[in-house]
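In: Output the structure for:
(chains A and B, ligands or ions: 2)
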Amino acid sequence: MKIIACIKQVPDSEAKVKAEGGQVSWGDAPLVINPFDEYAVEGALQQKEALNGSVTALCIGPESAKEALKHALAMGADEAILVSDPALNDLDTAGAAKVLAAAIKKIGDADMVIFGRQTLDNGAGLTPAQTARVLGLPMLGLAGSIKVEGGSVTVERVLEEGRQIMNANLPAVLSVVQGIGEPRYPSFMGIRKASKATIPVWSLADLGMEAPAAIVTRSELVNPPAQETSIEMITGETPAEIAEKLADKIIAEKVL
Amino acid sequence: MKTFVYIDHFKGNVQPASWEALGLAKSFGNAVALIFGVGVDEVAKAAVEYGADEVLVVDDALLAEYRAEVYASTLSALASSQSPNLILFPTTARTRELAAMTAIDLNTGVLTDVSGLEANGDSFVATRPIYEGKLLERTVCSGKPVLATIRGRAFAKPERVEGKSGTITKVAAAGEAKSTVEGYGASEGAVNLGDAAVIVSGGRGVSNNPSLTPPAGMDEKQAEIWRAQQGFALITDLAQLLGGAVGASRAAVDGGYIPYAHQVGQTGKVVAPDLYIACGISGAIQHLVGMRNAKVIVAINKDADAPIFKQARYGVVGDLFAIVPALTEAMKKKLGK
Ligand SMILES: Cc1cc2nc3c(=O)[nH]c(=O)nc-3n(C[C@H](O)[C@H](O)[C@H](O)COP(=O)(O)OP(=O)(O)OC[C@H]3O[C@@H](n4cnc5c(N)ncnc54)[C@H](O)[C@@H]3O)c2cc1C
Ligand SMILES: Nc1ncnc2c1ncn2[C@@H]1O[C@H](COP(=O)(O)O)[C@@H](O)[C@H]1O
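Out: Ligands and ions are numbered 1, 2, ... in the order given. Coordinates of the predicted model:
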């Protein structure tokens, strides 16, 4: 069972992100593996263990994104591949999907490709289904559990209305959500292995393709309007008195 | 200007933001509602009543259950033959996949989760949150048609005119399915946080009531969950009284107090209700990014230093097990319910 986990590197969730001179700035906050993609790696490792398979972590990004791949290796992935090319700076999700699809084909023989549900920076949540479409493979999105049997995979999708159980033949593309299980911490051995690993870097030429032209582009970056957050504390002698006052305040807001 | 509006529904239950999308489409010109599924006459009728100029229904056994591949092929075929300028969707788990695949088929792009959309000549400029809502971007799509999924409650819902009549046309499905739906898990109940005007949420604090004695024979973990369920029962009472939904922090979900579908925050749902009442939630950044766009935030927490108070409009330092039921009582009286 050959499994590919697609991961991206993003600024840490605690970072103070701002618009500065039309660019996104996150100060000196660290870049980390996209937290949703840690679940993708976890899901891939669970299947590797259940099915005696291998996990390849795949990332498109700058040279520095090797750190995110090393995190996946330290968690237990068997190998990692970085796709990096100066021409890939302005990818939209469809472009990322085309490049990922080419890399997945070059890796070859994948039974399952597992994605996170969305990136923290762009937050589109489109790349998994777009990659599946480019590859012509079935898409099982937002899986909270995965079970492989024979040549097919069954997942429980976590949707607005509850859990939907869906099945498709392998090879297939999946995305996973938090219900898959907490991502494991890198082990000491894993960290040592990762620090010694050499991560191959593929260029667009290695993939035999040109940079896909971006169809979706940013025209402007805006800091969201500052929220006025003057808090009013509600106090009183008894819960009933506090509740009375709070109820009046809420009703006066005319939000009910 | 012609806009397709994809009406997203689950077994005939329409995601309300579909109607908001229809209202937005009408502000640009001609609005064509698309309804996929089997036995969707009621939905088609509602689309007419919400103001669709035309309704296309694809009532086909192939579409009985939502499956992204065949839904996308059907939508792509309709768009190729009718050349709309814009295709709007409510933002849901299903439509992110559907729009994603359709955009690949049509060699165009998707603007996801937009809170603003303006026509600019024959193109569109969308406003959407990035970096968990820490920033907004204006973004454009150079392909045709432009696909956009709209955020719930960001656009006005059109008036429904009961009994209005209009043209409903049946069209055929296209493409093939690549998966099968085997069924649905034990129902977690429809949790529609994205569309709720009021959300009352509970965190780890809902399990913290030492004065409750759990039934005999429970181990520590079971007792904790049992206590949390008593806490969530109080929260549910308040939510129901206010016609709202029940939310939760990740600590509450991870603790097994409530299903994941209720989780608000970075790895859960991003919501923007008119009123958000956080009970026993500390206010970690990953929770705040999911709810800070609520119009009015109320925080109830034992700890006066909890960061949630920095985001709230009203705060109560106190025990949720005392304050929440008292608030339900006070509201009942004042709302005359
Ligand atoms: C990558 C990542 C993603 C995450 N995604 C999410 C997410 O989507 N959503 C999310 O919520 N979190 C998320 N988290 C977790 C987040 O960091 C916090 O751990 C979590 O939000 C804490 O939940 P809590 O406030 O319920 O619990 P705590 O932080 O433990 O707070 C409990 C609060 O309850 C109060 N309390 C206790 N007893 C009572 C009582 N009887 N009455 C009143 N108040 C009481 C306490 O004073 C305390 O403030 C994420 C974390 C990471 C690392
Ligand atoms: N540059 C990238 N390299 C590898 N995987 C990516 C990249 N961008 C997105 N992905 C994958 O696609 C998922 C969804 O991304 P997005 O559509 O940008 O929200 C992520 O969770 C990753 O699994």
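
In: Which residue does the stretch 151-300 of chain B have closest to ligand 2?
Out: When scored by C-beta to the nearest ligand atom, the stretch 151-300 of chain B has B:Thr267 as its residue closest to ligand 2, at 11.6 Å. To be clear about C-beta, it is placed using only N, CA and C from the backbone, and glycine gets the same treatment.

In: Regarding whichever residue of the stretch 101-250 of chain B sits closest to ligand 2, what is its secondary structure?
Out: Nearest residue of the stretch 101-250 of chain B to ligand 2, counting by C-beta to the nearest ligand atom: B:Thr112, 8.2 Å away. Under DSSP: H, G, I helix; E, B strand; the rest coil, B:Thr112 falls in the strand class.

In: hmm, back to that, could you verify my assumption that the residue of the stretch 151-300 of chain B closest to ligand 2 touches A:Asn34?
Out: No. Counting by C-beta atoms under 8 Å, no contact exists between B:Thr267 and A:Asn34, whose distance comes to 11.1 Å.

In: When these two are compared, which one has more neighbours?
Out: Set side by side, B:Thr267 and A:Asn34 give different neighbour counts by other C-beta atoms under 10 Å in any protein chain shown, the larger being at A:Asn34 (25 against 20).

In: give me every residue that touches that one.
Out: A:7-10, A:68, A:116, A:119-121 (C-beta atoms under 8 Å, 6 or more residues apart in numbering or on different chains).

In: Would you confirm that B:Ala21 contacts B:Val5?
Out: Yes. The pair formed by B:Ala21 and B:Val5 meets the contact definition of C-beta under 8 Å, at 5.0 Å.

In: if we can go back for a sec, out of the contacts of A:Asn34, which are inside strands?
Out: Among the contacts of A:Asn34, the members falling in strands are A:9-10 (criterion: DSSP state E).

In: Most neighbours of all the contacts of A:Asn34, which one?
Out: With neighbours set by other C-beta under 10 Å, the maximum within these is found at A:Ile7, which has 29 neighbours.

In: Can you verify my assumption that it contacts A:Leu69?
Out: Yes. Under the criterion of C-beta under 8 Å, A:Ile7 lies in contact with A:Leu69, with a separation of 7.1 Å.

In: anything in contact with each of the two?
Out: Shared contacts of A:Ile7 and A:Leu69 (C-beta under 8 Å, 6+ apart): A:57, A:59.

In: Would you pull up the residue in chain B closest to chain A?
Out: With C-beta to the nearest C-beta, the shortest gap between chain B and chain A falls at B:Gly185, namely 2.9 Å.

In: Spatially nearest residue to A:Ile251 (excluding sequence neighbours)?
Out: Spatial nearest neighbour of A:Ile251, excluding adjacent residues (C-beta to C-beta, 6 or more residues apart in numbering or on different chains): B:Lys334 at 6.0 Å.

In: again with B:Gly265
Out: Closest residue to B:Gly265 apart from its sequence neighbours, by C-beta to C-beta, 6+ apart: B:Gly290 at 3.6 Å.

In: Quick one: neighbours of the one you found, just the number.
Out: By the other C-beta under 10 Å criterion, the neighbourhood of B:Gly290 contains 27 residues.

In: Verify the stated contact: it with B:Val264.
Out: Yes. Shown here, B:Gly290 and B:Val264 form a contact pair, counting by C-beta under 8 Å, at 4.3 Å.

In: which neighbours do the two share?
Out: With contacts taken as C-beta under 8 Å, 6+ apart, the residues that reach both B:Gly290 and B:Val264 are B:270-271.

In: Could you chop chain B up by domain?
Out: Dividing chain B into domains by automatic domain parsing, as the record does, gives the ranges B:2-170, B:198-335.

In: which one of the ones you listed lies closest to A:Glu42?
Out: Closest of those to A:Glu42 is domain B:198-335, at 12.9 Å (criterion: C-beta to C-beta).

In: Straight-line length of the closest one, end to end?
Out: Across its full length, domain B:198-335 reaches 15 Å between end residues, using C-alpha to C-alpha, to the nearest Å.

In: And for stretch A:134-144?
Out: End-to-end distance of stretch A:134-144 (C-alpha to C-alpha): 24 Å.

In: Any part of it near chain B?
Out: Yes. Stretch A:134-144 comes into contact with chain B (C-beta under 8 Å from any C-beta of the partner chain), by way of A:134, A:137-142, A:144.

In: What are the buried residues along that stretch?
Out: In terms of neighbour count (16 or more other C-beta atoms under 10 Å in any protein chain shown), stretch A:134-144 has its buried residues at A:134-135, A:137-144.

In: Same question for stretch A:50-66.
Out: Residues of stretch A:50-66 classed as buried by neighbour count (16+ other C-beta under 10 Å): A:53, A:55-61, A:65-66.

In: Stretch B:297-312 now?
Out: Of the residues in stretch B:297-312, those with enough neighbours to count as buried (16+ other C-beta under 10 Å) are B:297-301, B:306-309, B:311-312.

In: Contacting chain A as well, which ones from these?
Out: Counting by C-beta under 8 Å from any C-beta, the subset of those that neighbours chain A consists of B:298, B:309, B:311-312.

In: closest to ligand 2 among the contacts of A:Asn34?
Out: Top of the list for closeness to ligand 2, among these and by C-beta to the nearest ligand atom, is A:Gly116 at 2.7 Å.

In: Correct me if wrong: that closest one contacts A:Gly43.
Out: No. Proximity of A:Gly116 to A:Gly43 does not meet the contact threshold set by C-beta under 8 Å, at 9.4 Å.

In: can you list residues touching both of those two?
Out: Counting by C-beta under 8 Å, 6+ apart, the shared contacts of A:Gly116 and A:Gly43 are A:Val176.

In: which regions of the chain sit below the pLDDT cut-off?
Out: I went with chain A, as the question did not name one. Within chain A, the stretches with pLDDT under 70 are A:227-228.

In: that's the wrong chain, I meant chain B
Out: Applying pLDDT under 70 to chain B flags the ranges B:186-190.

In: Now do the contacts for residue 35.
Out: You didn't pick a chain, so chain A it is. Shown in contact with A:Pro35 (C-beta under 8 Å, 6+ apart): A:13, A:116, A:120, B:266-267.

In: hm, I was asking about chain B
Out: Remark: with contacts taken as C-beta under 8 Å, 6+ apart, B:Ile35 is in contact with B:7, B:9, B:43-44, B:47, B:55-58.

In: Count the neighbours of the residue of chain B closest to chain A for me.
Out: Other residues within reach of B:Gly185, judged by other C-beta under 10 Å, total 16.
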